[in-house]
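Asker: I'll drop the sequence and a predicted model, then ask my questions.
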Amino acid sequence: MSAEPSLVAVHLLALPVPLAARSQQHFEELMREFLLIADGHQHGHSPHEVPARLMNLVHTLVQQYGAVTGPAEERLADAIDRGDQVIEDHLLTLATPTDCVAYRRWYLGQVITQLQGAAPIPWTDSDQAQNLG
């Protein structure tokens, strides 16, 4: 019998709130488009299975990890509503804009490297932020 995996806290330091909001909005737009494509496939209008499979994967990930990320998502939503520029506390269709790609790479890189034991790197000190110039 295998041991159940333990949870690891991942800290996102100096999270750029407006950029996180834009990245989240872009992701939601993409998911809506995939839903339309998948719905068309169910009605015989599209030969592509990829959007439907992707939507199933996203649904599965949200079900498995949604409870873990919920409080962090609430803090981000509150920060967006307040118009904050940066969160100093720890959190958790078209081509993606360059700054959103950089943010996504930093965000996912932080998750991966911290799961491997590395210390968190604030957005403002990251290579991705520095390369945006």
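Answerer: Everything's here; your move. Numbers count the residues shown, from 1 in each chain.

Asker: okay, and for this protein, where does confidence drop off?
Answerer: For the chain, the stretches flagged by pLDDT under 70 are 1-5, 40-52, 65-68, 88-95.

Asker: where along it do the helices fall?
Answerer: 17-42, 50-82, 98-115, 127-132 (DSSP state H).

Asker: what would those helices look like in JSON lines with mean neighbour count?
Answerer: C-beta: built from backbone N, CA, C; applies to glycine. JSON lines is the format used below for these (neighbours: other CB atoms under 10 Å):
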{"stretch": "helix 17-42", "mean neighbour count": "15"}
{"stretch": "helix 50-82", "mean neighbour count": "13"}
{"stretch": "helix 98-115", "mean neighbour count": "16"}
{"stretch": "helix 127-132", "mean neighbour count": "14"}
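
Asker: nearest to residue 121, of those helices?
Answerer: Distance to residue 121, taken as CB to CB, is lowest for helix 98-115 among those, at 6.7 Å.

Asker: Give me the distance between residue 71 and residue 78.
Answerer: For residue 71, the distance to residue 78 equals 11 Å [CB to CB, to the nearest Å].

Asker: do residue 99 as well
Answerer: According to CB to CB, residue 99 and residue 78 sit 22 Å apart.

Asker: Please measure how far the first residue of stretch 113-132 sits from its last one.
Answerer: Stretch 113-132 has its terminal residues 21 Å apart, counting by CA to CA, to the nearest Å.

Asker: Contacts for it next, please.
Answerer: Under the criterion CB atoms under 8 Å, 6 or more residues apart in numbering, residues 8, 10-16, 86, 90, 98-99, 102-103, 105-106, 109-110 lie in contact with stretch 113-132.

Asker: Alright, I will stop here.
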